[in-house]
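# generate coordinates for the sequence data below:
(one chain, ligands or ions: 1)
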Amino acid sequence: MSISVDITHDFGGFQLRAAFEAGEGVTAIFGRSGSGKTTIINAVAGLLKPQAGRITVNGSPLFDSAARIDMPTHKRRVGYVFQDARLFPHLTVLQNLRYGARFHRRPTLPQDDIIQMLGLAPLLSRHPTALSGGEKQRVAIGRALLSAPDLLLMDEPLAALDTARKDEILPYLERLRDTAGLPILYVSHAMTEVARLANTLVLLENGAVRRAGPLADLLSDPDLAPLIGLRDTGAVLTARVTTHHPDGLTELACSGGALLLPRVQAAPGSPLRVRIHAHEIMLSLTAPTGISALNVLPVTVEQVRMGDGPGAIVRLRCGQEHLLARVTRRSATAMGLVPGLPCHAIVKSVSVAQGDVGALHSTA
Ligand SMILES: Nc1ncnc2c1ncn2[C@@H]1O[C@H](COP(=O)(O)OP(=O)(O)OP(=O)(O)O)[C@@H](O)[C@H]1O
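Numbering: from 1, shown residues only. Sure thing, here's the model as predicted:
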């Protein structure tokens, strides 16, 4: 399954020029407020008719201005999950789920699998008033999946939830991403969610796609740091759990070395994705001793981006992957950081929060 979007639309003062491709898994559309994220997914859903362009799913057009094709919303096999769950209050969870299936042929996934994947079994006889915000969103996702969509659109589905509820629902979204075999267009301006969930990232700026590509590539590009936001800048590593130590630390193996993090709730052998903020990495030219930080990874400088202010972003090769470090220009100059220079990246265990560690599921 894949989706291709290439559209233009003018709203008086705002111009959208968006082109990107998305395969299975999560394609996150990320950008500041007003950058055009919702306009794109409304165009895919058929809620907005772009002035020109083409939107195809597996090569079949939902919209093609040149061929005068504009498939009505109800005929597009698209599931839409909004910021608020929009459940029917007079129906139970099971009835809400069945409503999703009412017009459609067999869902892509059987109802029981969807109930199990989203942990809905204990909720089926309840009404929406007896559900938490996170539970309601899980039901809304289940209802959308039962409509047998070719793709799923999610517009800030966690934005109305507090941090505890977000943490509760993210593992379900990870499982959906890895096992449902659907393209999911996921609108968000929260980089923590995007770094956890996305396979592909579309970075929007003022209605234009600034870059689109694999998440790890874009998050490790220093040139995109200003657009992502300096506090949110940081790369992701893939890792595997090796050992749970008795002192509460979990050891992970990355291609660049071992990482010790506060206890990660995943069995040995589990593959994970770990986001490390650029401002949490310290660089040293020599292997440091006598420091409290537990993680010292051998890295090689690949790129140094001097900012306009006092800061610099350094791209580092770490095994087969990349890290970003945010240092001062003064340090970058004093250390002589240039491409090719070997050094050490120092990462405090406690600087990686639980929400920065996500699961990867096998589809086998
Ligand atoms: N129906 C409309 N008429 C006129 N302008 C519109 C309309 N819908 C959206 N816009 C404008 O288009 C721009 C993009 O809006 P859009 O909702 O797609 O942004 P967004 O990235 O989803 O923002 P947010 O994160 O705040 O939801 C904004 O400047 C908005 O004011």
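# how close does V44 get to the ligand?
12 Å (CB to the nearest ligand atom, to the nearest Å). To be clear about C-beta, it is placed using only N, CA and C from the backbone, and glycine gets the same treatment.
# neighbours around the nearest residue to T238 once chain neighbours are set aside, how many?
Distances taken as CB to CB, 6 or more residues apart in numbering place R273 nearest to T238, at 5.9 Å, with adjacent residues excluded. When neighbours are defined as other CB atoms under 10 Å, R273 has 20 of them.
# may I have the beta-bridge partners of R273?
T238, G358 (DSSP bridges).
# list the contacts for it?
When contacts are counted by CB atoms under 8 Å, 6 or more residues apart in numbering, R273 touches A195, R196, V236, L237, T238, A239, V357, G358, A359, L360.
# can you give me the buried ones in the helix ranked longest in the chain?
In the chain, ranked by residue count with DSSP state H as the criterion, the top helix is helix 163-179. Within helix 163-179, the residues scored as buried using 16 or more other CB atoms under 10 Å are R165, K166, E168, I169, L170, Y172, L173, E174, R175, L176, R177, D178.
# quick one: the second one from the ligand, how far?
K166 sits 17 Å away from the ligand, going by CB to the nearest ligand atom.
# next: the fifth one.
When CB to the nearest ligand atom is applied, the distance between L170 and the ligand equals 20 Å.
# and what of the last one?
Distance from D178 to the ligand, counting by CB to the nearest ligand atom: 26 Å.
# pretty sure that residue contacts G25?
Yes: applying CB atoms under 8 Å, one finds D178 in contact with G25, separated by 7.4 Å.
# look up how far the ligand lies from the residue nearest to T238.
Separation of R273 from the ligand (CB to the nearest ligand atom) stands at 24 Å.
# per-residue confidence at the closest residue to the ligand within the stretch 101-250 of the chain?
Residue of the stretch 101-250 of the chain nearest the ligand, by CB to the nearest ligand atom: H189 (5.4 Å). pLDDT recorded at H189 is 89.
# related to what we said a few turns ago, CSV for the buried residues of helix 163-179, including pLDDT?
Conversion of the buried residues of helix 163-179 to CSV gives the following (pLDDT from 0 to 100):
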residue, pLDDT
R165, 81
K166, 85
E168, 83
I169, 86
L170, 91
Y172, 88
L173, 91
E174, 94
R175, 89
L176, 88
R177, 92
D178, 91
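# as a markdown table, those with distance to R315 would be great.
Below are the buried residues of helix 163-179 laid out as a markdown table (distance: CB to CB, whole Å):
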| residue | distance to R315 |
| --- | --- |
| R165 | 35 |
| K166 | 29 |
| E168 | 34 |
| I169 | 32 |
| L170 | 27 |
| Y172 | 33 |
| L173 | 29 |
| E174 | 27 |
| R175 | 32 |
| L176 | 31 |
| R177 | 26 |
| D178 | 28 |
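# give me the number of residues near L261?
26.
# so it touches C254, yeah?
No: the pair L261 / C254 is not scored as a contact, 10.9 Å apart, by CB under 8 Å.
# up against the ligand, what does the stretch 101-250 of the chain have?
Residues of the stretch 101-250 of the chain lying near the ligand by CB under 6 Å from any ligand atom: H189.
# can you give me the helices for the stretch 101-250 of the chain?
Under the criterion DSSP state H, counting those that start in this stretch, the stretch 101-250 of the chain carries helices at the ranges 111-117, 133-146, 163-179, 191-197, 215-219, 225-228.
# per the record, what domains does the chain have?
Domain assignment of the chain by automatic domain parsing yields the ranges 3-219, 234-359.
# worst average pLDDT in the ones you listed?
Minimum mean pLDDT among the domains of the chain: domain 3-219, a mean of 91.
# first-to-last residue distance for that domain?
End-to-end span of domain 3-219 (CA to CA, to the nearest Å): 23 Å.
# stretch 25-42 now?
End-to-end distance for stretch 25-42, by CA to CA: 19 Å.
# for R240, give me its contacts.
Contacts for R240 (CB under 8 Å, 6+ apart) come out as L252, A253, G269, S270, P271, L272.
# still on that earlier bit, distance of the residue of the stretch 101-250 of the chain closest to the ligand from P72?
Using CB to CB, to the nearest Å, H189 is found at 30 Å from P72.
# kindly report the same for V347.
Distance from V347 to P72, counting by CB to CB: 52 Å.
# for these two, work out which one has more neighbours and name it.
More neighbours surround V347 than the other of V347 and P72, with 23 against 8 (other CB under 10 Å).
# test my guess that the more buried one contacts I276.
Yes: using CB under 8 Å, V347 is in contact with I276, at 6.0 Å.
# shared neighbours of these two, anything?
Between them, V347 and I276 share no contacting residue under CB under 8 Å, 6+ apart.
# who are the contact partners of E156?
Applying CB under 8 Å, 6+ apart, we find E156 in contact with Q83, V187, S188, H189.
# no wait, A180
The neighbours of A180, taking CB under 8 Å, 6+ apart as the test, are T108, L109, M117, L145, L152.
# what's the farthest-apart pair in the residues you listed?
M117 and L152 (12.9 Å; CB to CB).
# what touches both of those two?
Common contact partners of M117 and L152 (CB under 8 Å, 6+ apart): L176, A180.
# these two: which is more packed in?
The residue with more neighbours, out of M117 and L152, is L152; 24 against 18, by other CB under 10 Å.
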